[in-house]
Each structure stands twice: as structure tokens, then as C-alpha cells.
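Enquirer: coordinates only, sequence not included:
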């Protein structure tokens, strides 16, 4: 039996019909693990070592157990999650969980497809590859930064602004840009200025001429004000 892992139950049901009786397709329900919200889940001084925990909700724990039980009897594990950073991360998490539970089959492959059609799925199964480590590293870097920013800065924010929401790697920087721009808008003072354009004609050809120098000096944008 070959065990195939995808994200959603609906996708699992469809793909299992395409592949036939020699395959069992299970859903991971998205990510199966995350960093626990406590101090030390990411340790920069230890080469950014990270501690992971399977999600605590019953549905997720039951599904991880079902995947592990099925993997113990499988000849091959096929990780068929989405072909992006998060999909690669889900495959990595599933493989690591199975390894820790001693349920990882000897043969493990990674396949990807961009559409859920019989042709796309069957063709993908013929072209397996290994996990994309650079893509996994990108996920790990993003997740570590999210944790370090949120876990470190949020308590400071809550002390300074009771009732405020959490700080974040992206949202805090975006908020700063918005605040800076709003302050620029509030500080803006309109200045009246003029441009002098003459409509001229030479040799039966009409053209516009803009005044750019006055008394030998170059005119800047605000040189011709109300004065």
C-alpha cells in the first residue's frame, strides 16, 4: 500500500479515486505542528534551534495518529501537499513527525501538481522528487522571525498600550510606514506657486515657452509665489 498525504479531506477523497485501490490518501488538515507560545521555542544562541508541538486540538491529534498508523503499514509515503513554501513545510512536518514516531516508511517521495485532474495527478506520481530544502529553510526563517518578533515585542506593546493587539514581523513595520506617512500628510502645508508660460509664434509656427530663468537665476518650483 502507498500512502499519499495532501492538505484537505476533499482533495484526499478526489485523488484517492484517481489513484485506485493500491493507494490510501489522507489529509493533514493543513499544518500539523507549530511553535508552542512559550519562552525558548526558538533559540537564536543555538543556531536558531526550534521546538515543535503537534496542535493540541483533538481533530488534529487524531488525524496525526491516523497518518502514523497508516504509515506503519505503507510501502511508500508520497507527500503531495501544495507546490509552495507552506506546502513544502507541511510535507516536512509530516515526515518529521512520522520519523519521531518511528512510523516513516523506507521509501519517501515528494510530488506536486498544479491542478486536481486525473492526468495531472497520475503524471505527478511518475515524477517524484525529494523535499526542497531551500524552500523549507525559507519557511523556517519566516516562522522563527514571526515568533521572535511577536513573542518579544507583544508584551512590551501590551505594557505600553493596554488593550493593544499583538506586534508582528510584517504588521508592525507596515503600521510604522502608515503612521510616518500620515504624519507627513498632517505636517504638509500648501504653498501657492506659479508657472509662466507664453504662447509664441515664430516663422508661422506656434509653440509654448516656459519661463525657467529670471534675472539670470534658475527658477525653482516655488520661486514664483504670491509675491
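Expert: Everything's here; your move. Just so you know, these numbers come straight off a predicted model, no measurement behind them.
Enquirer: Which parts of the chain are strands?
Expert: Under the criterion DSSP state E, the chain contains strands at 2-6, 23-27, 33-34, 42-43, 49-50, 53-54, 76-79, 107-110, 197-202, 205-210, 213-214, 217-218.
Enquirer: Give me the angle between the second one and strand 2-6.
Expert: The directions of strand 23-27 and strand 2-6 differ by 30 degrees, with axes from the mean of the first three to the mean of the last three CA atoms, to 10 degrees as the criterion.
Enquirer: In this structure residue 120 contacts residue 112, no?
Expert: No. Using CB atoms under 8 Å as the test, residue 120 is too far from residue 112 to be in contact (9.8 Å). To be clear about C-beta, it is placed using only N, CA and C from the backbone, and glycine gets the same treatment.
Enquirer: between those two, which one's more packed in?
Expert: Neighbour count, other CB atoms under 10 Å: between residue 120 and residue 112, residue 112 has more, with 19 against 14.
Enquirer: returning to what we had before: quick check: which of the strands of the chain is nearest to residue 153?
Expert: strand 42-43 (13.8 Å; CB to CB).
Enquirer: so what strands line up beside the closest one?
Expert: The partner list of strand 42-43 in its sheet, established with DSSP bridges, is strand 49-50 (antiparallel).
Enquirer: related to what we said a few turns ago, can you redo the strands of the chain as CSV with mean neighbour count, mean pLDDT and distance to residue 148?
Expert: Listed next are these as CSV, based on neighbours: other CB atoms under 10 Å; pLDDT from 0 to 100; distance: least, CB to CB, whole Å:
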stretch, mean neighbour count, mean pLDDT, distance to residue 148
strand 2-6, 23, 97, 29
strand 23-27, 19, 96, 31
strand 33-34, 17, 96, 14
strand 42-43, 16, 93, 6
strand 49-50, 14, 95, 11
strand 53-54, 14, 94, 17
strand 76-79, 22, 97, 28
strand 107-110, 18, 97, 29
strand 197-202, 9, 92, 57
strand 205-210, 9, 93, 55
strand 213-214, 10, 87, 57
strand 217-218, 8, 88, 52
